[in-house]
Structures are given as C-alpha cells and as structure tokens.
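> here is a sequence together with a model predicted from it:
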Amino acid sequence: MKRIVSFAAAILISQFALAKVPYTNEVFGKLEGTLDFCAQLDTPSAAKYEARKKQLAKDATEAEVAEARDSEDYKKSYEWISEELPKAPKTDAMKACKAAQDAKF
C-alpha cells in the first residue's frame, strides 16, 4: 500500500516540478484523483488541493480539459487511483497529500 501512496506522491511532485511538460490523460486522471482524495482526507486544506488541480491544466482551454476528462484513459486511471488510495494507511496517505500540497514548482 505504501507503494501506491509513494507512486501518487511521486507523480504529483514530478508533474508540479515539470509544469510545462505535457502529460497523458492517464496521468491527468491519476493526478486529479489523488488531489480529490487528498481534499477529502485533509478537509481543512481542500481549497489548496483544488488550487493545485487548477494549476495542472492552467495552460489548457476549458474544452481541452473537458475532452481529457471525457477520455477512457482519464476515467480508468481516475477510478483506479480513487479505489486504491483509500486502502492506504491514513498516516501514509496524509504524508503523500502534504507532500503534494507543499511541492514547489
């Protein structure tokens, strides 16, 4: 389970660090799924996770974001991460969420 949490944190941090690098719909789904999970787990910081989500697609138009979210790759990866992250111990998940929240880019 720690592997999933570490995977999610690594994706988030690497994507934030390389904000100009394009990512696939699959990765986009995992990123948004992770941030949505974190917003539910860490409700006092929910607005910060929502702001991170907006930063993921800051260079894309609303139509491009909608198209990505409508793709099968996005939907499958979002669903997968949404099912897996709740299985992680809460303390490990919270650490990953805090890392995502504090990532510099």
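That came in fine, so what should we check first?

> what's the neighbour count on Glu84?
19 (other Cβ atoms under 10 Å). For glycine as for every other residue, the C-beta is placed from the backbone atoms N, C-alpha and C.

> where does it fall, helix, sheet strand or coil?
helix (DSSP: H, G, I helix; E, B strand; the rest coil).

> okay, now Cys97: neighbour count?
Neighbours of Cys97 (other Cβ under 10 Å): 26.

> that one reaches Cys38, doesn't it?
Yes. Using Cβ atoms under 8 Å, Cys97 is in contact with Cys38, at 3.7 Å.

> between those two, what contacts are shared?
Counting by Cβ atoms under 8 Å, 6 or more residues apart in numbering, the contacts common to Cys97 and Cys38 are 45, 49.

> from the centroid of this structure, which residue is nearest?
The centre of the chain sits closest to Leu31, judged by Cα atoms, centre = their mean, with a distance of 2.3 Å.

> show the pLDDT at that one.
With respect to pLDDT, Leu31 scores 91.

> check Lys20 too.
36.

> same check, this time on the one 3 residues further on
Note for Tyr23: predicted pLDDT of 79.

> before we move on, what about Val65?
88.

> Lys87 now?
For Lys87, pLDDT reads 94.

> what's the spacing between it and Trp80?
Remark: distance between Lys87 and Trp80 (Cβ to Cβ, to the nearest Å) = 12 Å.

> neighbour count for the two, which is higher?
Applying other Cβ under 10 Å to Lys87 and Trp80 shows that Trp80 carries more neighbours, namely 15 against 10.

> helix or strand: which one has the residue of the chain positioned farthest from its centre?
Going by Cα atoms, centre = their mean, the residue of the chain most distant from its centre is Ala63, 19.7 Å out. Using DSSP states H and E, Ala63 sits within helix 62-69.
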